[in-house]
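Visitor: heads up, no residue letters with this:
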């Protein structure tokens, strides 16, 4: 089975303080470390497991600036055969623009595939919409929130999608298709620095995004970036560590959960 | 007639409460809400909407994006194009919304958590909920949004009369994707929803080897261990311990969150706890917005200090 997996390099903002600049025009990410999007890491792993079991090849594709080569090297280290970079300096906040660029690329370069994997969402924009838009544009069936692939047959997949409250839904989807992978579907393999170094010897192809711009327009626009409204917020305990911990135990006693 | 189409999320005969947020957004916009829903008794308050379109189809067919676009085509043929189509921001809502956006070539803004009526702007969170983007469609015409649960439901209000209902029939089932069955989570001996005191662990614990030390702390405190999604995904704790939309919703007397930044999906699963105490080294972590008490510190140091005191 030939699988295309889209993978994205994203800012790791979990533990970073973010600053808005230019009166809401931009978010300063210059001091933030970048990494592979968590969801895409699981997608690559899942795709590699499928081809290891039943043959075929995984092609990792990333849209981004030259630095995004990093996530392609990583994908190859995990077992992808090829890495394609669709190079652009544009950020592409609109999932429609991103999906249209993908569609144009796949069509023009005629990349063969039985299925396309995307992550459910990317950590930075949290849109979760690119996989669905791409599927509809390609006229292919789509399943999102995939948390298990139970069977890979020649003409279909049986997948489980995650719903709310621990419930899952088993779905049959015909090939070719687009599926969006949820985190937790597998345990992604460890990628060593040596592995990435070795992978960097495999040629990655670079395609200029300028060649695939037909109908790539922003259907939505960012007017401004703002900080979330502050709620009342927590009473922050202060002082020495031991003192704060004693205060914490006092609260637990007061609430009746600790004697 | 100008209207907003609200696509109801129904699951196993239940009208999901988060639909009220979709309806509430329509009220905030001052637009007529027409609810699209499969035929059946979903026990909802129909007076909250201005009209109903009942689809003669099974729930599983309705929730399938490949069929939903056919249903939407029929609605638009009968009623004209809506100003906006609203879905819930859930596993199914986002799936349906994104596929419909691609199929009809429409703008889409997901995970909307606020609306500024004067400026016509939708708020959407970015970068681990630390930044909001102000978004709007670039042009005129129909657009699609998905609405974050809990954002607008207080705006939903009864109209005082039963709304008119229309019907849609002959929805063809697309064979390219078909529902097989629901799969329930395995039953386990620990039920975190019953615990009065949860010690909940997040990504901040760093690695699996730290777990036993937190289990020891939980033992000393007589707390039950739970965790956020990253910890479950990494298999550091079993799935039955997961707090959040895709796991369990908990309301303990005390929820002690250590190393949890507070993604919206997590907050949704614990925000109704009587007392929330958060420990995190990142003062900007969203969880401090929802907690009653906070400690900004390295969680391992707090753990070890607590253990030291408890062991006397």
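Guide: Everything's here; your move. All values derive from a computational prediction rather than experimental measurement. Residues are numbered from 1 along each chain as shown, chains lettered A, B, ... in the order given.

Visitor: residue B:213 contacts residue B:301, doesn't it?
Guide: No - judged on Cβ atoms under 8 Å, residue B:213 makes no contact with residue B:301 at a distance of 11.7 Å. Quick note: C-beta positions are derived from backbone N, CA and C, even for glycine.

Visitor: now do the phi/psi pair for residue A:108.
Guide: Torsion angles at residue A:108 (phi, psi; degrees, to the nearest 10) stand at phi -70, psi -40.

Visitor: look up the closest residue to it, ignoring the ones flanking it.
Guide: residue A:212 (6.1 Å; Cβ to Cβ, 6 or more residues apart in numbering or on different chains).

Visitor: how far away is that neighbour from chain B?
Guide: Remark: distance between residue A:212 and chain B (Cβ to the nearest Cβ, to the nearest Å) = 17 Å.

Visitor: now do the contacts for that residue.
Guide: A:86, A:101, A:104, A:105, A:108 (Cβ atoms under 8 Å, 6 or more residues apart in numbering or on different chains).

Visitor: ok, 6 Å please
Guide: For residue A:212, the contact set (Cβ atoms under 6 Å, 6 or more residues apart in numbering or on different chains) comprises A:101, A:104, A:105.

Visitor: the first one and residue A:210, how far apart?
Guide: As for residue A:101, its distance to residue A:210 is 10 Å (criterion: Cβ to Cβ, to the nearest Å).

Visitor: between those two, point out the one with more neighbours.
Guide: Legend: neighbour count by other Cβ atoms under 10 Å in any protein chain shown for residue A:101 and residue A:210, higher for residue A:101 (23 against 9).

Visitor: any idea which helix or strand comes after the helix or strand hosting that one?
Guide: According to DSSP states H and E, residue A:101 maps onto helix A:95-109. Downstream of helix A:95-109, the next assigned helix or strand under DSSP H and E is strand A:115-119.

Visitor: parallel or antiparallel, which strands does that next one pair with?
Guide: Sheet pairing of strand A:115-119 (DSSP bridges) gives strand A:3-6 (parallel), strand A:177-181 (parallel).

Visitor: rounded mean pLDDT for it, please.
Guide: For strand A:115-119, mean pLDDT is 98.

Visitor: I'd like the next helix or strand past that strand.
Guide: Counting by DSSP H and E, what follows strand A:115-119 is helix A:130-138.

Visitor: quick one: list the elements packing against that next one.
Guide: helix A:95-109, strand A:177-181, helix B:91-104 (3 or more Cβ pairs under 6 Å, 6 or more residues apart in numbering or on different chains; DSSP states H and E).

Visitor: which among the ones you listed is found nearest to residue A:4?
Guide: Between residue A:4 and those, the tightest spacing by Cβ to Cβ is seen for helix A:95-109, at 7.4 Å.

Visitor: how far away from the center of its chain is that closest one?
Guide: The chain centroid and the centroid of helix A:95-109 are separated by 17 Å, computed with Cα atoms, centre = their mean, to the nearest Å.

Visitor: buried sites along that helix?
Guide: Residues of helix A:95-109 classed as buried by neighbour count (16 or more other Cβ atoms under 10 Å in any protein chain shown): A:95, A:96, A:97, A:98, A:99, A:100, A:101, A:102, A:103, A:104, A:105, A:106.

Visitor: tell me the spatial nearest neighbour of the residue in the stretch 101-250 of chain B that chain A sits nearest to, not counting adjacent residues.
Guide: Chain A sits closest to residue B:102 of the stretch 101-250 of chain B, with a gap of 2.9 Å, by Cβ to the nearest Cβ. Leaving out its chain neighbours, the residue that sits closest to residue B:102 by Cβ to Cβ, 6+ apart is residue A:136, at 2.9 Å.

Visitor: was I right about that neighbour contacting residue B:97?
Guide: No - Residue A:136 is beyond contact range of residue B:97, at 10.9 Å (criterion: Cβ atoms under 6 Å).

Visitor: out of these two, which sits in the busier spot?
Guide: residue B:97 (30 against 25).

Visitor: so who does that one touch?
Guide: B:87, B:144, B:146.

Visitor: quick check: it vs residue B:145, distance?
Guide: Residue B:97 is 8 Å from residue B:145, by Cβ to Cβ.

Visitor: ditto for residue B:109
Guide: Distance from residue B:109 to residue B:145, by Cβ to Cβ: 5 Å.

Visitor: on contacts alone, who are the packing partners of the helix or strand containing residue B:220?
Guide: Here residue B:220 sits within helix B:211-221, counting by DSSP H and E. Packing contacts for helix B:211-221, counted by 3+ Cβ pairs under 6 Å, 6+ apart, involve helix B:299-311.

Visitor: mind listing what's buried along the helix it packs on?
Guide: B:299, B:300, B:302, B:303, B:305, B:306, B:307.

Visitor: stretch B:36-53 now?
Guide: B:36-40, B:42, B:44, B:46, B:48-53.

Visitor: for residue 198, what are its contacts?
Guide: Went with chain A since none was named. Going by Cβ under 6 Å, 6+ apart, the list of residues near residue A:198 is empty.

Visitor: oops, I was thinking of chain B
Guide: Contacts of residue B:198 by Cβ under 6 Å, 6+ apart are B:224, B:226, B:252, B:255.

Visitor: quick one: distance of the strand or helix carrying it to the chain centre.
Guide: Following DSSP H and E, one finds residue B:198 within strand B:197-201. In terms of Cα atoms, centre = their mean, the centre of strand B:197-201 is set 22 Å apart from its chain centre.

Visitor: go ahead and name everything in contact with stretch B:235-249.
Guide: Applying Cβ under 6 Å, 6+ apart, the set of residues contacting stretch B:235-249 is A:162, A:164, B:188, B:190, B:192-193, B:200, B:208, B:211, B:226-227, B:229, B:231-232, B:250, B:265-266, B:268-270.

Visitor: in ChimeraX, select just the buried ones from the residues you listed.
Guide: Under the burial definition 16+ other Cβ under 10 Å, those of the contacts of stretch B:235-249 that qualify are selected in ChimeraX by:
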select /A:162,164 /B:192,200,211,226,227,229,231,232,250,265,266,268,269,270
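
Visitor: narrow the contacts of stretch B:235-249 to those in helices?
Guide: Taking DSSP state H as the definition of helices, the contacts of stretch B:235-249 contribute B:211, B:229, B:231, B:232, B:265, B:266.

Visitor: apart from its neighbours in sequence, what residue is nearest the first one?
Guide: It refers to residue B:211. residue B:236 (5.8 Å).

Visitor: any part of stretch B:174-182 near chain A?
Guide: Yes - residues of stretch B:174-182 are located near chain A by Cβ under 6 Å from any Cβ of the partner chain, namely B:176, B:177, B:178, B:180, B:181, B:182.

Visitor: now the residues you listed: which count as buried?
Guide: So, by 16+ other Cβ under 10 Å, the buried ones in these are B:176, B:177, B:178.

Visitor: now those residues in TSV, with secondary structure and pLDDT?
Guide: As requested, these are exported to TSV (DSSP: H, G, I helix; E, B strand; the rest coil; pLDDT from 0 to 100):
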residue	secondary structure	pLDDT
B:176	coil	98
B:177	strand	98
B:178	strand	98
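
Visitor: around chain A, pick out the residues from the stretch 51-200 of chain B.
Guide: Checking the stretch 51-200 of chain B against chain A by Cβ under 6 Å from any Cβ, the hits are B:65-66, B:91, B:94-95, B:98-99, B:101-103, B:107-111, B:121, B:126-128, B:130-135, B:137-138, B:176-178, B:180-183, B:185, B:196-197.

Visitor: which among these count as buried?
Guide: By 16+ other Cβ under 10 Å, those give B:65-66, B:91, B:94-95, B:98-99, B:101-103, B:107-111, B:121, B:126-128, B:130-135, B:137, B:176-178, B:183, B:197 as buried.

Visitor: would you mind measuring from residue B:50 to chain A?
Guide: Taken as Cβ to the nearest Cβ, the span from residue B:50 to chain A is 26 Å.

Visitor: wait, isn't that residue in contact with residue B:31?
Guide: No - judged on Cβ under 6 Å, residue B:50 makes no contact with residue B:31 at a distance of 8.7 Å.
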